[in-house]
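Participant: okay, predicted coordinates and the sequence, questions at the end:
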Amino acid sequence: AALVGSQRKVFQNAQHDILALERAELELKGEIFDLLVAHAVVAPGIKHDLGTISCVELHAERWKTIFVAGAGDQKGAEKYARRSPHVLRAYNAKDVLATALDYGPLCERLEHEHNGVEIYNGHMERAAIALKMRRRGVPVNTQHFDRHLKSLKRKRQLARRDLRKIARKVGLRFKGEQRSMDTGYNPNAKAHANRLFFNVFKVKPTK
């Protein structure tokens with residue numbers, strides 16, 4: 001069967017949905033608009049999930065949070081599978097409605113963004129190549145992958161150590177924390193990093 005039609009079809013993360021339809025032996029035809037890609041063009045600095053897009057564009061409630069992932073369940077799939085059909089119907093209906101309502105504002109924002117439409121079209125051309133790669137798979141040398149992973153972990157540890165040294169050298173202290181910067185300064189804490197870069201070194205943020 002084929003979902004035939006000349007009208008534009010709107011998706012959030014189109015690659016995921018196209019592959020799901022293909023597994024159900026449904027061929028998708030016609031032009032596709034991907035909210036995720038459009039939002040990445042007009043708002044590159046924030047997340048591009050449907051919940052975030054809808055909160056910004058529509059001031060919608062955070063309905064997506066009912067399936068917040070827990071440890072070992074990154075996408076909340078297990079929580080989703082355990083919910084009653086009535087809850088899932090309402091949840092999916094909100095997804096569809098939000099996708100439809102986000103479409104207009106994002107189209108308008110692309111038009112007003114400098115070269116927004118051209119950038120979006122370029123991303124969609126590359127997304128088509130990525131979709132082919134997802135269908136066919138990509139060979140990966142797992143031994144090289146493991147070596148890179150170990151190397152990056154080591155570099156991260158060294159970077160954390162260097163940040164602590166820098167913080168200690170400039171006498172950075174945090175209210176209510178121990179005087180030792182090895183324990184008082186946490187390189188992984190955004191608030192600590194902000195204070196070091198913006199308050200101490202006076203770095204001017206570009207955005």
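Facilitator: All right, it came through fine.
Participant: mind listing what residue 62 touches?
Facilitator: Counting by CB atoms under 8 Å, 6 or more residues apart in numbering, residue 62 makes contact with 51, 55. All C-beta atoms are positioned from the backbone trio N, CA, C, and that covers glycine.
Participant: got the confidence number for residue 73?
Facilitator: On pLDDT, residue 73 comes in at 47.
Participant: kindly report the same for residue 4.
Facilitator: Per-residue pLDDT puts residue 4 at 60.
Participant: looking at this structure, which helix or strand is least sure?
Facilitator: Every helix and strand in the chain was compared by mean pLDDT, DSSP states H and E; the lowest is helix 181-184, with a mean of 52.
Participant: which residues in the chain form strands?
Facilitator: Ranges of strands in the chain, per DSSP state E, are 2-3, 9-11, 27-28, 32-34.
Participant: where's residue 33 relative to residue 104, distance?
Facilitator: Relative to residue 104, residue 33 is positioned 11 Å away (CB to CB, to the nearest Å).
Participant: what about these two, which has more around it?
Facilitator: Comparing residue 33 with residue 104 by other CB atoms under 10 Å, the one with more neighbours is residue 33, at 18 against 11.
Participant: enumerate every residue touching the more buried one.
Facilitator: Neighbours of residue 33 in contact, by CB under 8 Å, 6+ apart: 8-11, 14, 103, 107.
Participant: identify the farthest-apart pair in those residues.
Facilitator: 14 and 107 (15.1 Å; CB to CB).
Participant: skip the chain neighbours and tell me the closest residue to residue 21.
Facilitator: Leaving aside its sequence neighbours, residue 21 sits nearest to residue 28 (CB to CB, 6 or more residues apart in numbering; 5.6 Å).
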